[in-house]
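> One predicted model, sequence on top.
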Amino acid sequence: MADRTLQTTAPGGKPAGRRPFDLKRQTGFSEIAWFCLFVLYAPIAVLIVFSFNDNRSVTLWTEFSLRWYRSALNNQGIQNAAMISLQVGAVATLVSTFFATLAALATTRNERFRGEGLVYAVINQPLMIPEIVTAVATLALFALIKQLTGVGGIGYLMLAHTVFCIPFAYMPIRARLEDMNLTLEQAAADLYATPLQVFRRITLPLMMPGIVAGAMLAFVVSFDDVIITLMVAGPGETTLPIYIFGQMRRGITPETNAVSTLIVLLSVVLVALLFFFGKRRR
Amino acid sequence: MRKHLLTAAAVLALGAGTLGLGAVQARAAGELHIYNWGNYTNPELIKSFEKKYDVKVTLDDYDSNEMMLAKIKGGAAGYDIVVPSDYMVSVMAGEGLLEKTEPNQMANFKNINPKWIEVYWDKGRHYTVPWQWGTTAFTVDTAVYKGDVNTLKLELDPPPELKGRINMLNDMNEVINAGLRYLGYPRCNSNKEQLKELSDLLIKAKASWRTMDYATIEKLTSGDVDLSQNWNGAAMRARAQRPTLKYAYPKEGFTGWMDNVAVLKGAPNLENAKLFQNFVMDPENAALISNFARYANGIKGSEKFMDKDMVAAPEIIPPAGTQDPEFVPPCDQKVVDLYNRIWTNLKK
Amino acid sequence: MAAETASVPATSAPAETERLRLAKAAIRRGKLRTRWLLLSPALLTIVLVGLLPLSIILVYSFLEPGTYGGVRWVFSTDAYVQFLFERDLFEDTLTFNPAYLEIFWRSVELALLSTVGSLLIGFPTAYFIATRPPSRRNLWLFLITLPFWTNLLIRTFAMMLILRDEGVINIILMKLGLIDQPLVLIYTDGAVFLGLVYSYLPFMVLPIYAALEKLDFRLVEAAYDLYATRGKVLRHVILPVAKPGLVAGCILVFVPGLGAYITPELLGGGKSLMIGNMIAIQFGNSRNWPFGSAASLILMAIVLVALLVYVRYAGRRRGHG
């Protein structure tokens, strides 16, 4: 990212009457961003507060207690579900982001080619059908494959997740690459860099913000999926959303709040560590 | 930083994958795959079954009979046990999805309350054994509404104090059946005049409803509504947090239901599944089920092991003179099509 | 990659020798091959696990419903007829029935509104992130997505805690003495709108950020120096760069928004059907898989047409860059 460190000093010699213009500060934008953050975190704060509630209900506050953390730690079912969710999410994110990156490279930065519209439609197809329909149809297909090959396992669930993660990973990467300036790559190639070197040193770093954004979206989508998972998951493959969804009618307990809090905490710690080590290397 | 993120993600994924494989290999020799309603199975019951028969049990959840049916019909192989409600048992048995395990020959069959043997969904119990049973009516806050609660009028033509304070189940059959009972018309109805009247009644009543949702306990205890159509066990749990709530037994009639332990055709662990059917007919085990989910179970002698507050609860033991609940068989396709139209029209 | 992107000088055709023409054709073929090679993993996965099931759905939509769900293998177009017309069960006459169209329209409206809403919040947020120092940007991205690593249902329940009659907002307002009757916030269209914008915000912010991040702010500065107004800078410098991201974000919000129903049900109170749950109950209580299949194909056709129109439009704009 060292390629573009910006100086935003207001150039001198401006005619009178024009305020110095800080480009990074469009009026109200930072306020909106902070507001956005506030809105995003308000429910999370409530969720965390209620994970410490003594009451069984997720709606009324009584008093502070750690009982839901204790019971979540004793609840094998919810732990397994969280573990399966993480596994499926991680695999689906990696695979779909990789595939989407390749596809985005192929569909941008060049003149259009015949069939591009079709390719675009195909990649976005998983977005376009209501989940329940995809779920029923995928189940029918997988059941057939299982019957023919006799192979079962969690791979099917990961595959199903990979499919609907691809468009979510693809779109930000494509947005990043579209209209991208090719001069750097061409310059490198002119300087006798091998194609691989050009890709590793120039193209990949340029794409990175898109890839990171795409991967994050893919993970979020996989981690939240209910309907497709409900249909495709085999025995012992209950994910966290399925576990919670199954509880809706009989009443959700704050155990789920406790587990969600733990997941948030875990990701904060993980990212903080990465940040720390990333900084030190610099 | 970015390289780190990616590396970490890769390591995480690989680690998670390996853990998953390990878990698969670590399974005990015997297995049993149960597919049941969410938050409905006492973990102690599972533990005790695992210990007694040295079987590793996996438990997965569904949230509606229909979702479960769609999944089983779609060809989801691998589950041994499902717990369908009464009407769903007759559907699944009719479609050849259930294994005829003849529970009536099992050792613990003597414990079943005779009332639950000759049932419409499984006459003589050739396929299933009782899990839990209950009723579907509604709960009212008696601090808000002081009159007689035992009438469907409160849901369908509510007094001013309840207007806009009502939650109905988001369930086509329960809502339509409540309407039919209120009008005094038969269930599985295809009479067009009667259905027209029903449709008008529901559309008018909907203006007084605040929500249509399955999460009834949370709706009542949060104070969002003062009346909610719900199940008796849920009513009892809601009352624990809002003591002025009262479960109604409408004089026009109310629904009864029973969830049943069934074995799927082609179950990979047939023998263990049969053991489980026998296992839940043991009074002590049946009480474990009831103590967890708060419904009655249909096994004689289980009261001894049940929590005291349950045995005395008005939601579980109806007051003397209350009529029997009505168990509604599945309707034929023509009726379902008509109901579907009414429902779409109601919610469009 | 370098070979692929190295451009061939565009000389006029008459001066071209036969050899040069052949070489150019070979390069073009090579480029095309690379391109399909890169596309193949994604396309193959989607074709096998996405389009193949879709053909099953297509077949289902032309069959008759089975008695208890599933299908009977009898050809029928009833599923499509049912979408617009109501067949009288006794007289077999058809009358126009707008109920499903109304449900469709409600979902389209809601999806449009939530797209606009998340755009209004998402664009400034993405812009803000893209203008942070490079070392901070990933932290911001992480902060934006972290709330979504909890579950959608849990988040929605948390929102309900905030919005309900005895919820956080009403309690605070009452304590402050600003109101003495709780405001009706939950189970309203406003609550649904809020919930959808909330759920889809990262789908808007991240693509826009990815596009904006490549904006060279020296350009903006230059434009401003050349006496462009703030509005002109936005229109002629910032928006063109952000456009691919804006389009991607809008698609990622609008299309899933069409099928959304868990959020509308929980926050809206569940009294109105959305396309999503209308279709879902066809596979459940209503036991009409063919109709559910047909309705989703109609939905897909609408989205597909919109997407193709976009590609046409975007393609013309991109030209030979």
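Yes, it's here.

> Domain parsing of chain B, as residue ranges.
Here the domain parsing of chain B from automatic domain parsing is B:31-133+B:259-311, B:135-256+B:320-347.

> How about the last one and chain C, touching?
Think domain B:135-256+B:320-347. Yes: for domain B:135-256+B:320-347, a contact with chain C is found by Cβ under 8 Å from any Cβ of the partner chain, at B:170-173, B:190, B:192, B:206, B:209-213, B:215, B:222-224, B:330, B:332-334, B:336-338, B:340-341, B:343-345, B:347. For the C-beta atoms, the positions are set from N, CA and C on the backbone; glycine is no exception.

> Tell me which of the domains of chain B sits nearest to residue A:86.
domain B:31-133+B:259-311 (17.4 Å; Cβ to Cβ).

> Show me which residues of the stretch 101-250 of chain B are close to chain A?
B:214-215, B:217-218, B:221-222, B:234, B:237, B:241.

> Please tell me which one of those residues counts the most neighbours.
Counting neighbours by other Cβ atoms under 10 Å in any protein chain shown, residue B:217 comes out on top of those with 30 neighbours.

> Verify the contact between it and residue A:251 for me.
Yes: Residue B:217 lies in contact with residue A:251 (Cβ atoms under 8 Å); the separation is 4.5 Å.

> re earlier: I'd like the domains of chain B written out as TSV, with distance to residue C:247 added.
Output for the domains of chain B, formatted as TSV (distance: least, Cβ to Cβ, whole Å):
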stretch	distance to residue C:247
domain B:31-133+B:259-311	35
domain B:135-256+B:320-347	34
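
> if we can go back for a sec, in strands only, show me the residues of domain B:135-256+B:320-347 next to chain C.
Counting by DSSP state E, these place B:209-212 in strands.

> wait, what's in contact with residue B:339?
Contacts here follow Cβ atoms under 8 Å, 6 or more residues apart in numbering or on different chains; on that basis residue B:339 touches B:172-173, B:176, B:331.

> Domain-wise, how is chain C divided?
C:1-50, C:98-282.

> helix/strand/coil for residue B:56?
Assigned state for residue B:56: strand (three-state reduction, DSSP: H, G, I helix; E, B strand; the rest coil).

> From chain C, how far out is it?
27 Å (Cβ to the nearest Cβ, to the nearest Å).

> cool, and residue A:54?
Relative to chain C, residue A:54 is positioned 16 Å away (Cβ to the nearest Cβ).

> Excluding residues flanking it in the chain, which one is nearest that residue?
Counting by Cβ to Cβ, 6 or more residues apart in numbering or on different chains, residue A:54 lies nearest to residue A:65, which is 3.7 Å off, once chain neighbours are set aside.

> Which pLDDT does the model give the one you found?
On pLDDT, residue A:65 comes in at 87.

> if I pick it, what's in contact with it?
Going by Cβ under 8 Å, 6+ apart, residue A:65 touches A:52-54.

> and if you look at residue C:158?
By Cβ under 8 Å, 6+ apart, the contact list for residue C:158 reads A:43-44, A:46-47, A:50.

> Most neighbours out of those, which is it?
Busiest of these [other Cβ under 10 Å] is residue A:47, holding 27 neighbours.

> Show the buried residues in the residues of domain B:135-256+B:320-347 next to chain C.
Buried by 16 or more other Cβ atoms under 10 Å in any protein chain shown: B:170-173, B:190, B:206, B:209-213, B:215, B:222-224, B:330, B:333, B:336-338, B:340-341, B:343-344, B:347, out of the residues of domain B:135-256+B:320-347 next to chain C.

> now the strands: where do they sit in chain B?
So, for chain B - with DSSP E - the strands run B:30-37, B:55-62, B:81-82, B:118-119, B:122-123, B:129-141, B:166-168, B:209-212, B:227-231, B:245-248, B:255-263.

> Please settle this for me: is residue C:306 part of a strand?
No: Residue C:306 is assigned helix when assessed by three-state DSSP, not a strand.

> give me the residue from the stretch 1-150 of chain B nearest chain A.
Going by Cβ to the nearest Cβ, chain A is nearest to residue B:38 of the stretch 1-150 of chain B, at 2.2 Å.
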